[in-house]
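**Student:** The following comprises the amino acid sequence and a computationally predicted model.
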Amino acid sequence: MDRHHYETFEKFGNNTFLLHLDNGRGFGRHSKDEPSILAPLEQCCRIRHSTLLRLQLLSLPQYRLSDVMRASLSRDPLHSVAPLLSEPHLAALDRRLKTVLQTVSRCQQRNDGGGDKVIYEDTVYMKDAFTTAA
C-alpha cells in the first residue's frame, strides 16, 4: 500500500531519480487484504506471460511464496533480533497471491476464455533475446 507515493531529488537538475519510501506498512495488516490494489489488473485485464508464470510457480507447494520469502528474510542481519515479517504476514502473502491468480482467471473468463487478450506474450521475445545473445 505504501508504494503509491514517491519522492524525487531535483537538486541535480535533470539528473534526478525516483526514491521509494518504505514507511513500514508495505505488507499492510496480515488480517486485512486491500482489494483496491487489484484495480489496475481488474480494469485492464492484462498481465505479462512471464509474470503470470512466476506467480503460478510461487503458488506451487514446493515454491510457495511464503517459504521463498521466509528463506530470503532469514539471511537478513536483523532476522536474529526480530523477524521482519511475522508468520501471519507470510501466510497473507500466499492468500493474496491466490487472489491475484483468481483475478487473472476472472479476466480470462470475461474475455470468453481468450487468454491472448489477457496474457501479453513476452516469453517469445525473451527466448529470441537469449537465442540472439548466444
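**Tutor:** Everything's here; your move.

**Student:** Could you report the distance from residue 102 to residue 33?
**Tutor:** As for residue 102, its distance to residue 33 is 12 Å (criterion: Cβ to Cβ, to the nearest Å). Heads up, the C-betas are built off the backbone N, CA and C, glycines and all.

**Student:** swap in residue 39?
**Tutor:** Residue 39 sits 13 Å away from residue 33, going by Cβ to Cβ.

**Student:** and what of residue 67?
**Tutor:** On the measure of Cβ to Cβ, residue 67 and residue 33 end up 20 Å apart.

**Student:** Can you name the element that comes right after the longest helix along the chain?
**Tutor:** Using DSSP state H, we find that the single longest helix of the chain is helix 87-110. Where DSSP states H and E defines the elements, the next helix or strand beyond helix 87-110 is helix 115-118.

**Student:** Any regions of the protein where pLDDT drops low?
**Tutor:** In the predicted model of the chain, residues 1-25, 113-115, 125-134 satisfy pLDDT under 70.
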